[in-house]
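>>> Fold the following and give me the result.
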Amino acid sequence: MRISKKSTIFAVRMDFLEGLNPSQREAVTYTEGASLIVAGAGSGKTRVLTYRIAYLLSQGVPAGRIMALTFTNKAAREMKERIMKLSALSSQPSDYRYLCMGTFHSVCTRLIRPYADLLGFTRDFSIYDTTDTKSVLKAICKERGLDEKIYKPAAVYSRISMAKNNGISPDEYGLNSQLLREDREMRMYDLPAVYALYQARLKAANAMDFDDLLINMLRLLDSSPEVRERYQQQFQYILVDEYQDTNYIQFLLVKKLAEPQNNICVVGDDAQSIYSFRGADIRNILNFRQVYPQAKLFKLERNYRSTQNIVNAANSLIHKNLNQIEKTVYSEKEQGQPLTLQPYMDDRTEALGVATHIQKMRYKGYDSFAVLYRTNAQSRVIEGELRKLNIPYRIYGGTSFYQRKEIKDALGYFRLAVNGRDNEALLRIVGFPGRGIGETTMKKVAVNATEHHRSYLDVMRAPEETGLEVNAGTKKKMQTFAGLIDTFHEQSDTMDAYQFAETVLRVSGVTTALALDLTQEGIDRAQNVQELLNAIREFVTQRQNEGIDYTPITDFLSEVSLQTDQDENLEDTTERVTLMTVHAAKGLEFPVVFIVGMEENLFPSQFAVHPREIEEERRLLYVAITRAMEQCHLSFAKQRFRNGSFSFESPSRFLRDIDRQYFSAQQPAVSHQQPAVSNQPSVISRQPSFTTPVAPKTGPTTQLESEWKAGDRVSHRVFGIGTVNRVYRDEVTENDKIEIAFDTQGTKTLLLTHAKLERIEN
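Down below sits the predicted model:
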């Protein structure tokens, strides 16, 4: 029987939806009108979002009509790759390359550039990252003679960013009594003026910071009805990932772009809203159906990541929060091991206990672990114990590739070439390679440029026009430098990104200067810059594969400047321990998770006072627990070394929120005096009193008959040659162990069955 074309399309479409469960499928196929998809931890949120886009494409919606907003570039890339594969299954493949998909900041950058002149910028405006921003703020505070101990760049930036995320301009800031009162408490009396000067400095440099990208996009939509109508008509379907992490400005942006059709689909989990310190407002997801009364609610409650015990324990914790969208996440995986709770005498003993536990599990074949903590400072003692046991680890959140000095220097040349008003880029590169233009000269240039409202490059190009007093030799050096940058500017419009980057680095002398440094550090820097060129070449090639013939350097700069801390590659987590804060762990998963420091005033933080803050801390622990796939181990210390001395600690109140039945039967019960400020429901615990923490029991108890004896000389493939001290049975762990004094590595205790020793004849 002949099958009609329509029937064939329907069959293929049904096939590609077959992998979805009923809740996911319902959320994917409801496409008209507003919808809220509440996706519990591990419920396949990204899967639903990508299938929904693929479904729209299969229904004939042009890719260019769809906007998908994410919070990391990594998430956008993964979604696009999945959509590409799903699109191939459809008999009506759409050109997915025209999807408007990316982070809020990258999409806003793309939409602003064609209309930048309406905002008083050129299309080639620079994007200042956090390092650039702090540099500008530091210079402003120094110029105004402000105390650097009070006006720390990070603190000033935090205040300004907070104001921007709430839509507060410099003028409005100076009239806001609450903000001014908070500033007085921090002795930052001059902050309104600093904010105003900072914005003026950005405008003069033809630059925007991250927050400005969102604010200026909103300004563009408000000030230009033509632009607003064009984008509203263009983007008929808007999807937002991680909606619980949106701030006020992002809420307004999405709302305005979605009008008047309101075909808006937001996906998120209020139980994982943990970024209020970045401006995220949980009310955006909690109140979504008040803003869109006709919105349909979908709940994805099946967890595909974790065992039943882990999911149920996390549920029992988060259900103690009052402000939430009710849902019950469940798992159909095996029951799994119960959670463990281990008390320790102090933080160093805790670190030793965790490291020892990891060592035992590595011998059993486990190779991927995460140790999660509330603050970065907690990693120090854990690192020390892991090093002692020669356990490889990685700290997530260190200096990323694009923040390394040599990479920032190279990017500085590219930035200045396309935007001659980018003073921060000029200050970074003018001295590398050395060209005889020193710090004293640049201070004169900076003062002169400010007085005459010119860019630094303008002054250096024609110092006589502004009366800059420099000698003839210095003048020639400045003009030579300016001429070099002007040449690069002309080439930036004629070469693709890779050709341009290679030319700039070679002609500027950067490549040669790096090659002449033959120290190991110099070799590493040269290799890093070569890797940058490789990245640019890959970027250009990828765009060519997508049908984009010409990729200017500005496109690559936009991509790089909007990298986030969650875009770092974490693919190589196997065979090592990953150390990170809970905030950094969101979105990740590990077979085995250790959550350390479960103490009052640490987790929850001592700064969490109000009920809404306590609820966010509880959500943070929920995130930590739900990172675990198979095992979750919690621990706390009775004493912790903080602020230069030991302090006595109480177990976290959150340990009482987790139902006792999900812990191992051998674990200590927890009870303590409730803190003064709490939003705990009264029906909490049927648990007995707290048992005193004890140090982990270790040590030999029984001599063991073995082929090895004290005095034997042995060789180990990692630790080298050593002498056996003793062989024994550890009755606490019931493991056979061998203690060896190695010639160069000190004394080590190894599991006898895994030691793999070779005898050396004396």
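>>> Every contact and neighbour count from this point should use C-alpha atoms.
Fine.
>>> In contact with Leu239, which residues?
Going by CA atoms under 8 Å, 6 or more residues apart in numbering, Leu239 touches 49, 66-69, 264-267.
>>> cutoff 7 Å now
By CA atoms under 7 Å, 6 or more residues apart in numbering, the contact set of Leu239 is 67-69, 264-266.
>>> Just to be sure, it is in a strand?
Yes: according to DSSP: H, G, I helix; E, B strand; the rest coil, Leu239 belongs to a strand.
>>> thinking again about what came up before, JSON lines for the contacts of Leu239, including neighbour count?
Compiled in JSON lines, those are given as follows (neighbours: other CA atoms under 10 Å):
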{"residue": "Met67", "neighbour count": "23"}
{"residue": "Ala68", "neighbour count": "24"}
{"residue": "Leu69", "neighbour count": "24"}
{"residue": "Ile264", "neighbour count": "24"}
{"residue": "Cys265", "neighbour count": "27"}
{"residue": "Val266", "neighbour count": "22"}
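>>> I'd like to know which of these is nearest to Glu18.
Of all the contacts of Leu239, Glu18 sits closest to Cys265, with 21.5 Å by CA to CA.
>>> What is the helix or strand containing the closest one packed up against?
Element membership of Cys265 [criterion: DSSP states H and E] is strand 264-268. The elements that strand 264-268 packs onto, with contact taken as 3 or more CA pairs under 7 Å, 6 or more residues apart in numbering; DSSP states H and E, are strand 35-39, strand 237-240.
>>> got the contact list for it?
So strand 264-268 is contacted by 33-39, 237-244, 258 (CA under 7 Å, 6+ apart).
>>> Neighbour-wise, which one of those residues leads?
Within the contacts of strand 264-268, most neighbours by other CA atoms under 10 Å means Tyr243, with 29 neighbours.
>>> can you give me the strands for the stretch 151-300 of the chain?
207-209, 237-240, 264-268, 296-300 (DSSP state E, counting those that start in this stretch).
>>> Tell me the strands beside the third one, with direction?
This points to strand 264-268. Partners of strand 264-268 in the sheet, by DSSP bridges, are strand 35-39 (parallel), strand 237-240 (parallel).
>>> and those as TSV, adding distance to Asp346 and mean pLDDT?
Shown next, in TSV, are the strands paired with strand 264-268 (distance: least, CA to CA, whole Å; pLDDT from 0 to 100):
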stretch	distance to Asp346	mean pLDDT
strand 35-39	38	95
strand 237-240	44	96
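>>> Identify whichever of the ones you listed lies nearest to Phe654.
Checking the strands paired with strand 264-268 against Phe654 by CA to CA gives strand 35-39 as the closest, at 23.2 Å.
>>> Now the two most distant members of the contacts of strand 264-268.
Every pair of the contacts of strand 264-268 checked by CA to CA; the farthest is Ala39 and Ala258, at 21.7 Å.
>>> Ile658 is in contact with Ala313, isn't it?
Yes: using CA atoms under 7 Å, Ile658 is in contact with Ala313, at 5.8 Å.
>>> re the thing from before, and the strands of the stretch 151-300 of the chain as CSV, adding distance to Pro114?
Below are the strands of the stretch 151-300 of the chain laid out as CSV (distance: least, CA to CA, whole Å):
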stretch, distance to Pro114
strand 207-209, 15
strand 237-240, 21
strand 264-268, 25
strand 296-300, 35
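>>> Asp496 contacts Thr554, doesn't it?
No: Asp496 is beyond contact range of Thr554, at 9.8 Å (criterion: CA under 7 Å).
>>> re earlier: quick one, which of the helices and strands packed on strand 264-268 is nearest to Thr307?
The minimum distance between Thr307 and the helices and strands packed on strand 264-268 falls on strand 35-39, with 17.4 Å, by CA to CA.
>>> Would you mind pulling the contact partners of that closest one?
With contact meaning CA under 7 Å, 6+ apart, strand 35-39 is reached by 27, 45, 264-269, 295-301.
>>> Among these, which pair sits farthest apart?
Ile264 and Glu301 (21.4 Å).
>>> Alpha carbons only: can I get stretch 240-250 in CSV?
What follows is stretch 240-250, C-alpha atoms only, in CSV (Å, rounded to 0.1, in the frame of the first residue of the first chain):
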residue,chain,number,x,y,z
VAL,A,240,14.2,30.2,28.2
ASP,A,241,16.4,27.7,30.0
GLU,A,242,17.1,27.9,33.8
TYR,A,243,14.3,30.5,34.3
GLN,A,244,14.8,30.4,38.0
ASP,A,245,18.2,32.1,37.5
THR,A,246,16.8,35.1,35.6
ASN,A,247,17.1,38.6,37.1
TYR,A,248,14.7,41.6,36.8
ILE,A,249,16.2,42.9,33.6
GLN,A,250,16.1,39.5,32.0
